[in-house]
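J.: generate a structure from the sequence data that follows.
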Amino acid sequence: MAEDYQALLEENRQLKEQVSQLQEDLKLLEQNFDNMSEGYQESLLLFDTLQETYNELQKTNAELEVARQRAEESSRMKTDFIQQISHEIRTPLNILSGFTQIVTTPGMELDDATKAEVSKGITDNTARITGLVNKMLELADASSQAELERNDDVLGVQIAAQAADESCITMATHLTFDIQIGEGADMVMLHTNLDQSVRALSLLLDNAMKFTRPAEAALGTGAEVKPGKVLLSVCLEASSDDPSKQLLAFVVEDNGIGVPAEEAERIFDEFVQLDEYYDGTGIGLTVARSIARRLDGDIILDTSYTGGARFVMTLPV
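T.: Have a look, this model is predicted:
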């Protein structure tokens, strides 16, 4: 019996040791599980960080690709601009050269009508070259952020009238032109730069004249050509930034080819021409907006208008 009892005690002791060992193993497993869980959480955080970094890299790559494409497009547009300017300058120079040969040919006698035609041709083409040179000089100045001197006190309607005269829109044969003055706008006096504000508005009118004219590709095809219409409105409006501040708005509205809403800002970039079938240098709107902003105003495209294009130039009252 004593031997059996001793055997049971020994077996019991061994069982206790086994239970104790199992408990220690369980604690070790729990610790290992906790460590694995912490490692898993750290791995998840690291994965999330890597995923965010990857997404940012993807976004950066996409932006770089867009920037590359824009740089290529800008380079192409600059090349096109140089070619266009070269062509536009070469054409009047050739005409002037021809007239020069006529008037300098020994023994050449010209009747009064021919003399008048030659004189007009020389004057017109000289003015054309001068205008192109002036545009290039304006473009060089367009990137300036310096405000323009504002030493003139002038009626807003005078700016509208002078811009219409300077642009020669009243003499355009392919369109009808009208000016509307809003209530109270006829007596609004602006403290601004008369020459520069007239220049900015005349560039908008030039743009309206160009894009209400039938494209060269449409001429001779027999397609119906609708008559152009351009309306210049002058009205008072409140500033969107400060409702207590009033602005005088010069709104140039036409029934031409229009501008897609997604291009509303891009058209103000230099050298941009959305339709290759229309002549132009792609700098008029760039220069116009630059002038307006340097006069503490702005020029925007009203994308809510779908009957053509509507540009709004605002100047502070």
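J.: contacts and neighbour counts: CA atoms only from here.
T.: Fine.
J.: how near is Lys210 to Thr173?
T.: Here the criterion is C-alpha to C-alpha, to the nearest Å. By it, Lys210 lies 12 Å from Thr173.
J.: more crowded one of the two?
T.: The neighbour comparison of Lys210 against Thr173 (other C-alpha atoms under 10 Å) goes to Lys210, with 17 against 12.
J.: now do the same for the more buried one: its pLDDT.
T.: On pLDDT, Lys210 comes in at 90.
J.: now do Gln246
T.: Per-residue confidence (pLDDT) for Gln246: 91.
J.: which residues does it bridge with?
T.: Beta bridges link Gln246 to Ala238, judged by DSSP bridges.
J.: for the remainder of this discussion, apply numbering that starts at 4.
T.: Right, with 4 as the first residue, what we last looked at is Gln249.
J.: what's the local residue count around it?
T.: Neighbours of Gln249 under the rule other C-alpha under 10 Å: 16.
J.: who are the contact partners of it?
T.: Gln249 sits next to Leu239, Glu240, Ala241, Ser242, Pro319, Val320 when contact means C-alpha atoms under 8 Å, 6 or more residues apart in numbering.
J.: looking at those residues, which gets the smallest pLDDT?
T.: Ranked by pLDDT, those bottom out at Ser242, which scores 83.
J.: wait, that residue touches Lys248, no?
T.: Yes - using C-alpha atoms under 8 Å, Ser242 is in contact with Lys248, at 5.5 Å.
J.: any of the contacts of Gln249 buried? List them.
T.: The neighbour count (16 or more other C-alpha atoms under 10 Å) marks Leu239, Pro319, Val320 as buried among the contacts of Gln249.
J.: quick one: which of those residues sit in helices?
T.: The helices, defined by DSSP state H, take in nothing from those.
J.: Asn258: which of the residues you listed is nearest?
T.: When the buried ones among the contacts of Gln249 are ranked by distance to Asn258 (C-alpha to C-alpha), Leu239 comes first, at 23.2 Å.
J.: do you have the strands of this structure handy? List them.
T.: All strands of the chain, identified by DSSP state E, fall at 155-158, 178-184, 192-195, 231-241, 249-257, 301-304, 312-319.
J.: and Gln9, how many neighbours?
T.: If we define neighbours as other C-alpha under 10 Å, then Gln9 has 11 of them.
J.: same thing with Arg131?
T.: Neighbour count for Arg131, taken as other C-alpha under 10 Å: 17.
J.: how about it, what does it touch?
T.: Shown in contact with Arg131 (C-alpha under 8 Å, 6+ apart): Pro95.
J.: need the pLDDT of it.
T.: 82.
J.: now Ile125, nearest residue through space, not along the chain?
T.: Leu99 (5.9 Å; C-alpha to C-alpha, 6 or more residues apart in numbering).
J.: wouldn't the one you found be in contact with Thr126 here?
T.: No - Leu99 is beyond contact range of Thr126, at 9.2 Å (criterion: C-alpha under 8 Å).
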